[in-house]
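A.B. asks: Let's see this in three dimensions:
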Amino acid sequence: MNFSDRSNTTRWILILASFLITVLILWNTYTFFQIFKNEERNKMELWATAQKTLQNASDNTDVDLPLQIITNNSTIPNILTDANDSILGASNIDDEIINDPKKIRRLLAIYKGSNNKIEIEYDKGKFRYLYYANSPLLTKLKYYPIALLLIILLFGGLVYNYYKASKVSTENKLWAGMAKETAHQIGTPLSSLIGWLEIMKADNIDPVMVEEIEKDIDRLQHITDRFSKIGSEPILEIKDLVQETRHSYDYLQSRFAGQVEFTFTAPDYEIPIRVNHTLHGWTIENLVKNAIDAMRGRGKIDIRIEDDGKTAKIKVTDSGKGIPKNQFRTIFEPGFTTKKRGWGLGLSLTKRIVEEYHKGKIKVLHSEIGKGTTFQITFRR
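C.D. replies: Below is the predicted model:
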């Protein structure tokens, strides 16, 4: 049995033990409730007997004990009625209710549904009836299991959130470690390629070929820089959002111009935003490549920048297959993908870059099946 299996076994043992403890507590609480309820019933029957003794007492009868029994009942609320349901007396009830005929009648109706009435035969064939409710202590005990369950559910929710946050944190560290290791591994052959490029320049190799290789090396360096920033706090600088977005747009347009029709619309003035050049470019590239995948390599992509003075918005619109409304949020979750190949990390990384690093917002603004989708990124000015 490996460590993971042992951890899962221990987790299930703890869950089962917690469940059994909860069941035992609830069972004991129910048992205590029934015991106290029977004791209160016995007390009220004794109280009724004391009332009968006082009713039938003569001058020579010792009434000290009945009076003591009646006086000692200071917790159980009760109402005494005659055979015609007229109220003869009440105790342990607020005076405000006792003095209000309507309120006392409503309370009597409640007491009739709480416990079985106690008959008091004070004379042969003549009865009075005692109605009572549970004492405050018994009422609290009655709702104790509900409170206990709520506490257990709250505790379970906290444990679940802690476990989920811990798992996400571990996964983030894993992905960050993998990204940094990837950047490190790419860096070694990249340094060698840069050396070979300088040799090619010195040997007067075809300048066009050298220029294209140099572009690809620059691109690899750019990708390496992106991966090296995963998991670390990026440096944000005040830059022109229009120029930063335009830079990524120009690169993508040059790579996909043959199959995709690009349009770019933006204000004719600078929009200063705190961004990281490398990560912002990655954001735009991810959204555009996602759009190209949705269009299966052919269609129209419009990138539009809007500014209202308080916020700046980037809208990326494609003419692809669209996204169902129930997937507007799930598409940003790690691992979610509609492609046969792919890890489903592009939009997840994009969301993290926008919201965690740049403190912005990203969402699916609009989508229609078969017509296309618009993603919107919002930055505060």
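
A.B. asks: residue contacts, residue 332?
C.D. replies: 347, 348, 350, 351, 362 (CB atoms under 8 Å, 6 or more residues apart in numbering). (C-beta placed from N, C-alpha, C; glycine too.)

A.B. asks: The residues you listed in helices, which ones?
C.D. replies: Using DSSP state H, the subset of those located in helices is 347, 348, 350, 351.

A.B. asks: Spatially, and excluding backbone neighbours, which residue is closest to the third one.
C.D. replies: Nearest-residue entry for residue 350: residue 286, 4.6 Å, with adjacent residues in sequence omitted and distances by CB to CB, 6 or more residues apart in numbering.

A.B. asks: Quick check: neighbours of the host helix or strand of residue 274 in the sheet, parallel or antiparallel?
C.D. replies: Take DSSP states H and E as the rule and residue 274 turns out to sit in strand 272-275. Next to strand 272-275 in the sheet, as set by DSSP bridges, lie strand 237-240 (antiparallel).

A.B. asks: who's in contact with the helix or strand just after the strand it pairs with?
C.D. replies: Sequence order places helix 241-256 as the next helix or strand after strand 237-240, per DSSP H and E. Residues from elsewhere that reach helix 241-256 (CB under 8 Å, 6+ apart): 262, 264, 266-267, 269-273, 275, 277, 280-281, 284-285, 288-289, 292, 303, 305, 312, 314, 379.

A.B. asks: which among those end up buried?
C.D. replies: For these, a burial check counting by 16 or more other CB atoms under 10 Å picks out 262, 266, 271, 273, 275, 277, 280-281, 284-285, 288, 292, 303, 305, 312, 314, 379.

A.B. asks: Cross those residues against helices and list the overlap.
C.D. replies: Assigned to helices by DSSP H, the following of the buried ones among the contacts of helix 241-256 qualify: 277, 280, 281, 284, 285, 288, 292.

A.B. asks: hmm, back to that, out of the contacts of residue 332, flag the one nearest to residue 18.
C.D. replies: Using CB to CB, residue 348 comes nearest to residue 18 of the contacts of residue 332, at 33.5 Å.

A.B. asks: Now the two most distant members of the ones in helices among the contacts of residue 332.
C.D. replies: Counting by CB to CB, the most remote pair of these is 348 and 350, 7.2 Å apart.

A.B. asks: Tell me which of those two has more neighbours.
C.D. replies: Legend: neighbour count by other CB atoms under 10 Å for residue 348 and residue 350, higher for residue 350 (22 against 19).

A.B. asks: what residues are up against that one?
C.D. replies: Here residue 350 is in contact with 282, 283, 286, 287, 332, 362 (CB under 8 Å, 6+ apart).

A.B. asks: Make TSV from those residues and add pLDDT and distance to residue 242 to it.
C.D. replies: Formatted as TSV, these follow (pLDDT from 0 to 100; distance: CB to CB, whole Å):
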residue	pLDDT	distance to residue 242
282	87	18
283	92	15
286	89	19
287	93	16
332	84	25
362	95	18
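
A.B. asks: Between all of these, which two are separated the most?
C.D. replies: 282 and 332 (15.2 Å).
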